[in-house]
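>>> Task: produce atomic coordinates for the following.
(chains A and B)
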There are 2 protein chains.
Amino acid sequence: MTKTYARLTPLADSLPSTVPFVGPETQERARGRAFAARLGANENTFGPSPKVIAAMSEAAGGAWMYGDPENFDLRHALADHHGIAPETILVGEGIDGILGYLVRLIIGPGDKVVTSQGAYPTFNYHVAGFGGVLETVPYQDDHEDPEALIAKATEVGAKLVYIANPDNPMGTWHDAETIQRMIDAVPEGCLLVLDEAYIEFAPEGTAPTLNTDDPRVIRMRTFSKAYGMAGARVGYAIGQAELITAFNKIRNHFGMCRISQAGALAALKDQPYLAQVVANVADARARIDQIAQDNGLTTLPSATNFVAVDCGRDAEFAKAVLDQLIAQDMFVRMPFATPQNRCIRISAGQPEELDVFAAVLPKALAAARA
Amino acid sequence: MTKTYARLTPLADSLPSTVPFVGPETQERARGRAFAARLGANENTFGPSPKVIAAMSEAAGGAWMYGDPENFDLRHALADHHGIAPETILVGEGIDGILGYLVRLIIGPGDKVVTSQGAYPTFNYHVAGFGGVLETVPYQDDHEDPEALIAKATEVGAKLVYIANPDNPMGTWHDAETIQRMIDAVPEGCLLVLDEAYIEFAPEGTAPTLNTDDPRVIRMRTFSKAYGMAGARVGYAIGQAELITAFNKIRNHFGMCRISQAGALAALKDQPYLAQVVANVADARARIDQIAQDNGLTTLPSATNFVAVDCGRDAEFAKAVLDQLIAQDMFVRMPFATPQNRCIRISAGQPEELDVFAAVLPKALAAARA
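Residues are numbered from 1 along each chain as shown, chains lettered A, B, ... in the order given. Model (predicted):
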């Protein structure tokens, strides 16, 4: 009685049992000790607003109730915030969850999807998980390449094309005009997935105007990054109402954590706190740049809450630096694709966490050079 | 520019934009006023343990961190609790979320799935969502019918057969020997989904011994019901390690709310509170039965936190009673299938909520009879 009776679908059977990212807790268990600085997952170490913490604590006692499956209050608050209709907003279990639903709606075996080589792995995980075929284009000067993405999507007849603006893992970005030109060039029958997870950190003029009449684009936003609520799992998508409604065909209607719903509502209301965090993160980016310079390294400009530090040699060297940082109790990650993997990626943490980075980087570089 | 550029898969395109259940908040918004008693979704109105509330409040400040994608601490605590290996436990976003993953792993277009007519609609929603074909057998004497389910699964070559023990929406149950006989009769190539969401409320001898070497069954458990954490979205599945590992192919690895993980861990540790809640729920069931008797009605025996009240006539009459109760500010639901829909389903709430039921039931019956 050892063989399972379960007969997996041919697609499921073909998939590896994998994980897009190894979590820091997994690494801590393997190392046998905790990290001193958790700067590898672009979590916002400044944390959620005190008002969010209070709202979630208050909501904890009501956890016996299912969350509202319509996410009515949060969708309406977001609609007011953005000046759009609530019917054009989908609230879901983080951008990861929403990307999974979106891919499920649109991609079947053999369908083509275009992204950049080295872009967000969890999106790729969902595409593979529904049998889609991923086509990639390289970064250009450490930026995603809107024209190449559109050209490839047109060439292969893609049903989805993905770009993150600002980009992860590089932190680079395009201005709103460039992204609007990309939207305007989306070929018919293709949908642009515009992942704006980091948009609150970006300069004015990075996000194109929201136009929910536009059938060519769906935009992804989140409370995980600037609002400091990664662990609460609240993301949202903005798109044409017809497309947003289609998620009701398949989404887990009662899937939202009720405590997280309350937290997101409070977060949205506390815009002064958001502004303070964005300022703190800007300071942290400048500090990371200074630390890099002090060690003879350069950084890439960033419109996110992380900075790509160019280690100045090849991927092998950057990996050696990364491993040394990890050995010195810093949780950090690095880009996957060449030549971006000459960099390591440091989240814009609190001053004391960057003190750790300042202290260990010289040692890590020395060890990597040795 | 009104038509969406998104090309849905033929399957997605064929699905209705639906919801398995309308939430009470939706009804409250439509009514323009709140319910006085929320007894329609088998939520546990006794709520989570004070220690759970404290743990979740404590965890709220750490919501900037993603939850551990391995659910390591919770899986290990569950393994200790049940005396099984952590590799045989999957933690997921409620049983609803896990059922979705399970159906995705196993069911493709045209694959057969067997359940009871009138059993859990969210399971059926997932089956339809992946193109599966549902075959049903009727209840027998208001119990799900294990022999008929197995016979149908064998007849149609089903890949999944579903039973809830105790059952929802009727509250009835089979003893462990009957369920073990069902497991032993599962045809090769079919997997039994044994939904034990309400098992903590059931008498000793209802759950067969956990045997994680058995490839024929996967068992679903939850923190939503007896632990009073429906809004936190934490369920788990127990099965053969090979099957449990397969969920890593497709699950949303970073999908768990970190606050909910902390809450579930605290809930599992507070078994005295669980025992108290189970006793309170038993008292509430007896009270519902008494209220029914006082109104000339009968109830079905229940091993859950709800009671099916037999309104003594047909579905139309039960629906009229239900509508009257709702008009009197009670959130309640009723079974879908004939002849079970002669009943209404009342969650085993707190004494003051049952006071509301006692007060409004006579009026509701009088109005329905008129």
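
>>> and the residue nearest to residue A:333 when sequence neighbours are not counted, what is it in contact with?
Nearest non-adjacent residue to residue A:333, counting by Cβ to Cβ, 6 or more residues apart in numbering or on different chains: residue A:40, 4.4 Å away. In this view, the C-beta of every residue, glycine as well, is placed from N, C-alpha and C. With contact taken as Cβ atoms under 8 Å, 6 or more residues apart in numbering or on different chains, residue A:40 is in contact with A:24, A:330-333, A:345, A:347.

>>> now residue A:40: how far from residue B:188?
46 Å (Cβ to Cβ, to the nearest Å).

>>> In chain A, what residue spans correspond to helices?
Ranges of helices in chain A, per DSSP state H, are A:10-14, A:24-31, A:50-60, A:72-82, A:94-106, A:121-129, A:146-156, A:176-184, A:241-246, A:258-269, A:271-294, A:315-327, A:351-369.

>>> For the contacts of residue A:40, work out which two are farthest apart.
Spatial extent of those (Cβ to Cβ) is set by the pair A:24 and A:345 at 13.8 Å.

>>> Can you give me the distance of the residue sitting nearest the centre point of chain A to residue B:214?
Nearest residue to the geometric centre of chain A (Cα atoms, centre = their mean): residue A:197, 5.3 Å. Note on residue A:197: its distance to residue B:214, by Cβ to Cβ, is 43 Å.

>>> can you check residue A:332 too?
For residue A:332 relative to residue B:214 (Cβ to Cβ), the value is 43 Å.

>>> which one of those two has more residues nearby?
When neighbours are counted by other Cβ atoms under 10 Å in any protein chain shown, residue A:332 comes out ahead of the other of residue A:332 and residue B:214, with 24 against 21.

>>> what's the nearest residue to that one if we skip its chain neighbours?
residue A:40 (4.5 Å).

>>> before we move on, back to that, residue A:24 and residue A:345: which is more packed in?
With neighbours defined as other Cβ under 10 Å, residue A:24 and residue A:345 compare such that residue A:345 has more, 26 against 23.

>>> Quick one: neighbours of the nearest residue to residue A:284 once chain neighbours are set aside, just the number.
Using Cβ to Cβ, 6+ apart and skipping the chain neighbours, the partner closest in space to residue A:284 is residue A:348 (3.6 Å). The number of residues packed near residue A:348 is 28, by other Cβ under 10 Å.

>>> Please list all residues in contact with residue A:348.
A:281, A:284-285, A:288, A:304-307.

>>> State the distance from it to residue B:352.
50 Å.

>>> Quick one: residues contacting residue A:338.
With contact set as Cβ under 8 Å, 6+ apart, residue A:338 has these partners: residue A:315.

>>> Residue numbers of the stretch 151-300 of chain A in contact with chain B?
Within the stretch 151-300 of chain A, the positions adjacent to chain B are A:159, A:186, A:188-191, A:213-216, A:218, A:224, A:228-233, A:240, A:242-243, A:245-246, A:248-250, A:252-260, A:263 by Cβ under 8 Å from any Cβ of the partner chain.

>>> Tell me the buried residues within these.
Neighbour-count burial (16 or more other Cβ atoms under 10 Å in any protein chain shown) is assigned, among those, to A:159, A:186, A:190-191, A:214-216, A:218, A:224, A:228-233, A:240, A:243, A:246, A:248-250, A:252-260, A:263.

>>> ok, and the closest non-adjacent residue to residue A:248?
Of all residues not flanking residue A:248 in the chain, residue B:17 sits nearest, at 3.9 Å (Cβ to Cβ, 6+ apart).

>>> what number of residues lie near that neighbour?
Residue B:17 has 13 neighbours, counted by other Cβ under 10 Å.

>>> Can you read off the pLDDT for it?
In this model, residue B:17 is scored at 82, pLDDT.

>>> same thing with residue A:22?
89.

>>> picking that back up, from residue A:68, how far out is the residue nearest to residue A:248?
17 Å.

>>> Is it correct that residue A:51 is in contact with residue A:270?
Yes: taking Cβ atoms under 8 Å as the definition, residue A:51 is a contact partner of residue A:270 at 4.8 Å.

>>> So for the two, which residue has more residues nearby?
residue A:270 (18 against 15).

>>> Skip the chain neighbours and tell me the closest residue to the closest residue to chain B within the stretch 101-250 of chain A.
Taking Cβ to the nearest Cβ, chain B has its nearest neighbour within the stretch 101-250 of chain A at residue A:231, 3.1 Å off. In space, and not counting its chain neighbours, residue A:231 is closest to residue B:258: 3.1 Å by Cβ to Cβ, 6+ apart.

>>> Run through the residues that contact that neighbour.
A:231-232, B:59, B:62-63, B:65-68.

>>> Show me the shaky parts of chain A.
In the predicted model, chain A carries pLDDT under 70 at residues A:1-3.

>>> any idea how it splits into domains?
The record's domain parsing of chain A by automatic domain parsing lists A:22-47+A:272-369, A:50-269.

>>> if we can go back for a sec, go ahead and confirm the residue nearest to residue A:248 touches residue A:250.
No: applying Cβ under 8 Å as the test, residue B:17 and residue A:250 come out as separate, 9.3 Å apart.

>>> before we move on, back to that, contacting residues around the residue of the stretch 101-250 of chain A closest to chain B?
The contact partners of residue A:231, by Cβ under 8 Å, 6+ apart, come to B:59, B:62-67, B:257-259.

>>> Repeat that for residue A:144.
Contacts of residue A:144 by Cβ under 8 Å, 6+ apart are A:116, A:119, A:163-165, A:167, A:172, A:174.

>>> Narrow those to those that are buried.
A:116, A:119, A:163-165, A:167, A:172, A:174.

>>> State the number of residues packed around the closest residue to residue A:197 other than its chain neighbours.
Leaving aside its sequence neighbours, residue A:197 sits nearest to residue A:222 (Cβ to Cβ, 6+ apart; 4.9 Å). Number of residues near residue A:222 (other Cβ under 10 Å) recorded here: 26.

>>> Any idea how many residues pack against the nearest residue to residue A:92 once chain neighbours are set aside?
Among residues not flanking residue A:92 along the chain, residue A:98 sits closest, at 4.0 Å (Cβ to Cβ, 6+ apart). Using other Cβ under 10 Å, residue A:98 has 24 other residues around it.

>>> Next: residue A:133.
15.

>>> for residue A:184, same thing?
Other residues close to residue A:184 by other Cβ under 10 Å number 12.

>>> gap between it and residue A:177?
Using Cβ to Cβ, residue A:184 is found at 10 Å from residue A:177.

>>> And residue A:240, by the same measure?
Residue A:240 is 22 Å from residue A:177, by Cβ to Cβ.

>>> what does residue A:169 give?
Taking Cβ to Cβ, one finds residue A:169 at 24 Å from residue A:177.
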